[in-house]
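**Q** Fold the following for me, if possible:
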Amino acid sequence: MKAISTEVRQVETDCGTIVFTFERKKIKNINLRIRQDGSVYVSAPPRVPVKAVESFVVSKSDYIRNAVLHFSQREVKKAELQYISGENITLLGRSMQIKVEEDCREFVDCDGTYVYIHVKRPDDYNRRKKLFDLWLDGQCMTVFDEIMHEVHKKFAPYNIAFPQLKIRRMTSRWGSCQPFKSVITLNKRLIEAPENCIEYVVFHEFCHFIHPNHSRQFYSLLQSMLPDWKECKRILEESIVL
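**A** Residues are numbered from 1 along each chain as shown. Model (predicted):
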């Protein structure tokens, strides 16, 4: 649809100044769009006052800020980890720094502040990556399995058999489950999240063993099992960009 007029405007909000491209079009309602480069576009019918448009943008300031942050973080995530000293990674909600050390033995360990990659040839990217990935797989299996056992205890009244745990990278989901096969699959990226966020995902998947859908009954069960699940979900979605 061709714009009748276009201009760049800005408004002051509690989240700071928001600059947006404003277009008048032959449409019925005010529309807002945040593009992947973080730019803000607003379109409105010809007769809607500018003040009303600006008030609309101010009312959406929290949403705009979060959307812009989401896209900026996603751009940062596109830069692949090089597994070199000084790089920052996040494990269980804590920021840590990689240190590569030349060693005749090859292994990875962590002291809560640094993740040490011990390698015979520090300049060998493929070897650094393989060592780190194997270590991270082990961390995922240990942490996720422990949390799953703790959550499983809460479902004792439902006589659910302890399910098989699978771990893989997923681009759009934190986890999934196959109730009839007794399998829970967790996103490897969850190891970056605080433990309470991982617990939320595990509770969510276990609830599907009782209600294999997202019905009212499902959310009622989730609420009874984990009263603060909404806050955990919010923290998870703000902490990690898939």
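
**Q** In this structure, where is pLDDT below threshold?
**A** For the chain, the stretches flagged by pLDDT under 70 are 1-4, 73-79, 241-242.

**Q** That one: strands as residue ranges?
**A** Using DSSP state E, the strands of the chain run over 5-13, 16-24, 31-34, 40-44, 88-91, 94-102, 107-110, 114-119, 164-168, 175-178, 183-187.

**Q** Indicate which one of the ones you listed is closest to Val58.
**A** Closest approach to Val58 among the strands of the chain (C-beta to C-beta): strand 5-13, 5.0 Å. Yep, even glycine has a C-beta here, placed from its N, CA and C like the rest.

**Q** Direction-wise, compare that closest one with strand 16-24 and give the angle.
**A** Strand 5-13 runs at 160 degrees relative to strand 16-24, counting by axes from the mean of the first three to the mean of the last three C-alpha atoms, to 10 degrees.

**Q** Just the C-alphas of strand 5-13, formatted as CSV.
**A** What follows is strand 5-13, C-alpha atoms only, in CSV (Å, rounded to 0.1, in the frame of the first residue of the first chain):
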residue,chain,number,x,y,z
SER,A,5,3.1,10.9,3.5
THR,A,6,6.2,9.9,5.4
GLU,A,7,8.3,11.7,8.0
VAL,A,8,10.7,10.9,10.9
ARG,A,9,9.5,11.9,14.3
GLN,A,10,10.6,11.3,17.9
VAL,A,11,9.0,11.1,21.3
GLU,A,12,10.3,11.1,24.9
THR,A,13,9.3,8.1,27.0
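
**Q** Can you name every helix or strand that it contacts?
**A** Secondary-structure packing of strand 5-13 (3 or more C-beta pairs under 8 Å, 6 or more residues apart in numbering; DSSP states H and E): strand 16-24, helix 50-59.

**Q** The same query, at a cut-off of 10 Å, please.
**A** Under the contact definition 3 or more C-beta pairs under 10 Å, 6 or more residues apart in numbering; DSSP states H and E, strand 5-13 sits against strand 16-24, strand 40-44, helix 50-59, helix 61-78.

**Q** now the ones you listed as JSON lines including mean neighbour count?
**A** Below are the helices and strands packed on strand 5-13 laid out as JSON lines (neighbours: other C-beta atoms under 10 Å):
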{"stretch": "strand 16-24", "mean neighbour count": "15"}
{"stretch": "strand 40-44", "mean neighbour count": "19"}
{"stretch": "helix 50-59", "mean neighbour count": "15"}
{"stretch": "helix 61-78", "mean neighbour count": "14"}
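
**Q** All set, thanks.
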